[in-house]
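Sequence and computational prediction follow.
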Amino acid sequence: MTTKSVLVILLSVFVFSCNKSDDSDPVANLSDSGSISGENYVVPSEAYLFDANLELYNFTPTLEDKINRAIEVIKLVVATEEFKRQVLNHTYAGRRTYVDNGGYSNSQIYQIIMDGAEKLQPVKNHAIDAEVEAYTNLNSNTVGYTYADSKRIWVNTKYYDRYSAAGVAQNVFHEWLHKLGFKHAASYTPSRDYSVPYAIGDMIGEIGKNFL
Ligand SMILES: [Zn+2]
């Protein structure tokens with residue numbers, strides 16, 4: 001075994017590798033779920049300030065244009081009452097919660113998103129702060145991945161090239177939720193779709209289709 005392969009194995013322990021979700025759509029069911037009477041879905045002022053500061057690496061002009069449009073989609077979605085309603089009303093196993101919620105309630109998770117304080121850049125600036133590096137691996141079903149100790153997100157052009165801006169928005173937001181400290185199972189399980197990165201990333205993608 002080479003030194004390099006040992007390093008790869010060690011690093012892989014800490015990687016959040018994010019595969020394509022299956023085509024089932026838990027968000028669609030949530031749209032029909034009843035909300036708690038009296039819940040306040042008025043969007044806070046932070047939602048309108050929400051922004052993104054991305055440093056892009058290895059992006060072609062075409063892909064740069066797409067991720068910039070994806071950021072605009074994210075900003076539009078985050079400013080909707082519908083997004084707040086879906087984040088607050090997400091359920092798993094009959095309870096208003098997420099899988100791997102880090103001990104936070106749904107409303108606390110919404111506030112963590114509004115704050116935008118990444119674990120490695122813990123300033124509440126209401127913004128996505130990240131480095132995003134494009135790479136190409138046609139033999140992988142990983143859309144994107146990141147490491148807990150890195151500000152960088154790696155994204156696979158195999159998927160980004162064919163995704164709509166809403167699809168890119170979904171994945172960028174998913175990866176950024178890792179930067180906020182949220183995790184999910186490394187391998188697919190049915191419950192993984194209810195984790196914070198998958199569930200809320202999917203909300204961004206689904207609501208975002210309205211803004212294409
Ligand atoms: Zn992930």
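Right, received. Where do you want to start? Numbering: from 1, shown residues only.

Hmm, residue 176 is touching residue 131, no?
No - at 11.4 Å, residue 176 does not count as touching residue 131 under the criterion of Cβ atoms under 8 Å. The C-beta positions use only the backbone N, C-alpha and C, and glycine is treated the same way.

Now the common contact residues for those two.
Taking Cβ atoms under 8 Å, 6 or more residues apart in numbering as the contact rule, residue 176 and residue 131 both touch residue 153.

who has more neighbours, the two?
residue 176 (26 against 15; other Cβ atoms under 10 Å).

That one falls within a helix, correct?
Yes - assigned with DSSP: H, G, I helix; E, B strand; the rest coil, residue 176 falls within a helix.

list the contacts for it?
Residue 176 neighbours (Cβ under 8 Å, 6+ apart): 118, 128, 130, 153.

Pull up the residues of the chain that are close to the ion.
Counting by Cβ under 5 Å from the ion, the chain comes close to the ion at 16, 18, 197.

circling back: got the contacts of residue 176 as a markdown table, with secondary structure and distance to residue 210 columns?
As requested, these are arranged in a markdown table below (DSSP: H, G, I helix; E, B strand; the rest coil; distance: Cβ to Cβ, whole Å):
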| residue | secondary structure | distance to residue 210 |
| --- | --- | --- |
| 118 | strand | 27 |
| 128 | strand | 20 |
| 130 | strand | 24 |
| 153 | strand | 25 |
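
where does this structure dip in pLDDT?
Along the chain, segments meeting pLDDT under 70 span 1-15, 20-39.

For the strand or helix carrying residue 54, name the packing helices and strands.
In this assignment (DSSP states H and E), residue 54 forms part of strand 51-57. Applying 3 or more Cβ pairs under 8 Å, 6 or more residues apart in numbering; DSSP states H and E, one finds that strand 51-57 contacts helix 61-78, strand 127-135.

in what helix or strand does whichever residue of the chain sits closest to the ion lie?
Here the chain gets closest to the ion at one residue, residue 18, 3.2 Å apart by Cβ to the ion. Element membership for residue 18 (DSSP H and E) is strand 15-19.
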